[in-house]
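**Q** can you look at this prediction? I've put the sequence above it.
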Protein chains: 2
Amino acid sequence: MSSHDHRVPPPGERRTPTSFDVARLAGVSQSAVSRTFTPGASVSAGTAEKVRRAADALGYRPNILARSLITGRTRIVGLVVAYLHNQFYPEAVERLSNALQERGFHLLVFTAGNDDAVTDRVMEELLDYRVDGLILASTSISNRLAARCRTAGIPVVLFNRHQDDPSLSHVVSDNIAGGAKVADHFVAGGHTRIGHVAGWAGSTTGRDRAKGFLDRLAAHGLSPVGVIDGMYDRGVAAEAARRLVADGADALFVGNDHMAFAVMDTLRHGLGLDVPGDVAVVGYDDVSVAAWPAYDLTTVRQAARRMVDATVATMMAAIEDGDDTPRHIAIDGPLVVRRTTRPLKEAP
Amino acid sequence: MSSHDHRVPPPGERRTPTSFDVARLAGVSQSAVSRTFTPGASVSAGTAEKVRRAADALGYRPNILARSLITGRTRIVGLVVAYLHNQFYPEAVERLSNALQERGFHLLVFTAGNDDAVTDRVMEELLDYRVDGLILASTSISNRLAARCRTAGIPVVLFNRHQDDPSLSHVVSDNIAGGAKVADHFVAGGHTRIGHVAGWAGSTTGRDRAKGFLDRLAAHGLSPVGVIDGMYDRGVAAEAARRLVADGADALFVGNDHMAFAVMDTLRHGLGLDVPGDVAVVGYDDVSVAAWPAYDLTTVRQAARRMVDATVATMMAAIEDGDDTPRHIAIDGPLVVRRTTRPLKEAP
DNA sequence: CTGAAAGCGCTTACAG
DNA sequence: CTGAAAGCGCTTACAG
């Protein structure tokens, strides 16, 4: 025992076994142990068997840290997410985690709001962990950061948002088309006094949904009663709805379901109005609460499953196949008509 | 350049800089670089300054993997969580992630349902990552696994569940006291035909809430109209409520808010009953939706923040101070009376 | 197929 | 305070 041996375990304490311990017990070289646990490496069946038996006896498992140091792969994907209030995110995160886990990857979570300063610090930490890839679901993220990842060679996928920078992959729902569908639906329902409680203008989801909606309204020759930024916040959205209704709106497109629930609550319980009798409401996301009878909300579906599948596929292509051509995927979702909008006029 | 140098970067490609690169540029030893980035290590201000300048120029940050290999600490805490449908979990996970992040730790997510086989596999992967600690919020978890962590020296905290094994720390809300509060509230409201849509009997939350509730009911000389396991599932819970009401119940304690919303939906929209006029409903958790006007649910609050704080404190004591005496923390929460229960009889 | 050896990028006694 | 060197636990050419 050399004088450098600074970690001297007490006689009774069992160290975590290493590949050398296994090798000794199995009567083979340490290399053989390593090969046994490296898929595709060349070991004879007999050797592998001996190694596996010894490993089981000692409770040995390869140290991923040491492996990662050599291979440069951690099988960890970083996830930057903002608030989880909006139920769309937990639903997506759960699917994401499952899909990644099936492929032997795991999610390291970083929470960062819309504060760029915090996001920057978080980003440094992410890089420290040598994650194999990065999924950004936080509402805002500075361009500088994404650039830093690119030079570090870390694949990035923006989830449910996009950026001007075309070199970054993103997966979104087709927010412009979605917004347009809502406009068509209101018009088909005979509405002309239409308002929009918009998603936060600092987010691409908010801007795109508004644009799709308003452009299509204009194409129908209509202009909105008003457009107010709801900031993805219940209180702000409720107040916006009150104002739009006061200004005569009898149909409201709300930038996401989370705000739409607040709008419905304030219309029904605050103002004593009937939905859809007095005011029709349409949301965006189709989170599971939207289908609950208490709301039964007409909304544009964001197909979380398909968005997650596309995100994971893009990420795996970059990590496993080195295919880092940016993919820009917009997934179309249907308008799910429920009971917060009036039945359409019957065709003759 | 030795013949072993297998990674020969093309002339243009920039490798991720290492401490040696920084040392060369700064004109100091590699040790000095390491010390500069090791809080508490002895470096002169001048050396540190030179190192920092060189590091910035090269964009150097210490490789955490290499550091972890030596220190044995990863600053990663594993989180095993089941489904995120129940809104209590996303709310708790968000707080947990934030609290840990403030202390320089991050959450590695593992999703595992109530399937022990999956949980076992997941657990092996967790151990592979050499996480510094483990938070188990999954509804069920086999004893064997927890034991494995203990021998591996990984601190474990059970979140929102406990186990017979007293050597495991846990943080729960005081579910027995909570259940008892609901019984008192119903009795004070003059109810005698009381039913319970219980939380899943396979979970300690489900069993403890039921026990606290039923024992207190018995203390009041009452026995329930019926007790049906709602399995923490909307459909099962709704069906259970229908049966209990058919059997004459006019007050239902539902094992968590998530099920309580389904019960309210089915009472109001399926059976056309008034809540609380025909049937009073009480939930458990006080998730944010419970306060929304559409439900306005009377419920027992699980103080997510305090539970998270206690969990993080327990975890940090174990990781940072080596204090692994098991802590068993039950946090009391108030009954939050809203509008799904009748006003109490006035005191004279 | 197999073993000896180099090396991944750090931290940390050790000896000035 | 500082540098040379060992070592963390692996993977992977290299040479049989």
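**A** Okay, I see it.
**Q** would you map the helices across chain A?
**A** Listed from the start of the chain, chain A has helices (DSSP state H) covering A:19-26, A:30-36, A:45-58, A:64-71, A:88-102, A:116-128, A:143-151, A:175-188, A:204-219, A:234-246, A:257-265, A:304-321.
**Q** report the angle between the worst-scoring helix or strand of chain A on mean pLDDT and helix A:116-128.
**A** Within chain A, confidence by mean pLDDT, DSSP states H and E is lowest for helix A:143-151 among all helices and strands, at a mean of 73. Here the directions of helix A:143-151 and helix A:116-128 differ by 10 degrees (axes from the mean of the first three to the mean of the last three C-alpha atoms, to 10 degrees).
**Q** let me see the residues that make contact with helix A:143-151.
**A** The set of residues that contact helix A:143-151 without belonging to it, under C-beta atoms under 8 Å, 6 or more residues apart in numbering or on different chains, is A:119-120, A:123, A:127, A:134, A:136, A:155-156, A:163-165, A:167-168, B:14, B:59. In this view, the C-beta of every residue, glycine as well, is placed from N, C-alpha and C.
**Q** buried deepest among the helices of chain A, which one?
**A** Compared across those, helix A:257-265 shows the largest average neighbour count, a mean of 27 (mean count of other C-beta atoms under 10 Å in any protein chain shown).
**Q** skip the chain neighbours and tell me the closest residue to A:A260.
**A** With sequence-adjacent residues excluded and distances taken as C-beta to C-beta, 6 or more residues apart in numbering or on different chains, A:A260 is closest to A:G283, at 3.3 Å.
**Q** so how far is A:A249 from the one you found?
**A** A:G283 is 15 Å from A:A249, where distance means C-beta to C-beta, to the nearest Å.
**Q** the more surrounded of those two?
**A** A:G283 (30 against 22; other C-beta atoms under 10 Å in any protein chain shown).
**Q** quickly note the distance from A:R121 to B:Y284.
**A** 37 Å.
**Q** before we move on, what about A:S68?
**A** Taking C-beta to C-beta as the measure, A:S68 falls 42 Å from B:Y284.
**Q** again with A:A146
**A** When C-beta to C-beta is applied, the distance between A:A146 and B:Y284 equals 43 Å.
**Q** and A:T71, by the same measure?
**A** Counting by C-beta to C-beta, the gap between A:T71 and B:Y284 amounts to 47 Å.
**Q** same check, this time on A:W200
**A** Taking C-beta to C-beta as the measure, A:W200 falls 33 Å from B:Y284.
**Q** who's more crowded, these two?
**A** It is B:Y284, of A:W200 and B:Y284, that has more neighbours when counted by other C-beta under 10 Å, with 32 against 21.
**Q** enumerate the residues of the stretch 151-300 of chain A near DNA strand D.
**A** For the stretch 151-300 of chain A, no residue is in contact with DNA strand D (C-beta under 7 Å from any atom of the strand).
**Q** list the contacts for the closest residue to A:R339 other than its chain neighbours?
**A** In this structure, A:R339 finds its nearest non-sequential neighbour in A:D296, 4.3 Å apart by C-beta to C-beta, 6+ apart. Residues touching A:D296, when contacts are defined by C-beta under 8 Å, 6+ apart, comprise A:290, A:338-340.
**Q** the stretch 51-200 of chain A against DNA strand C: which residues are in contact?
**A** Residues of the stretch 51-200 of chain A lying near DNA strand C by C-beta under 7 Å from any atom of the strand: A:66, A:69-70.
**Q** tabulate the residues you listed (TSV), appending distance to B:F88.
**A** What follows is those, written out as TSV (distance: C-beta to C-beta, whole Å):
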residue	distance to B:F88
A:A66	38
A:L69	39
A:I70	41
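**Q** from those residues, which are also near DNA strand D?
**A** Of the residues in those, proximity to DNA strand D by C-beta under 7 Å from any atom of the strand holds for A:66, A:69-70.
**Q** show me which of those residues neighbour chain B.
**A** A:66, A:69 (C-beta under 8 Å from any C-beta of the partner chain).
**Q** between the ones next to DNA strand D among the residues of the stretch 51-200 of chain A next to DNA strand C, which sits nearest B:P224?
**A** Ranking those by separation from B:P224, with C-beta to C-beta as the measure, puts A:A66 on top at 57.2 Å.
**Q** for B:A48, see how far away that closest one is.
**A** Plainly put, A:A66 is 29 Å away from B:A48 if you go by C-beta to C-beta.
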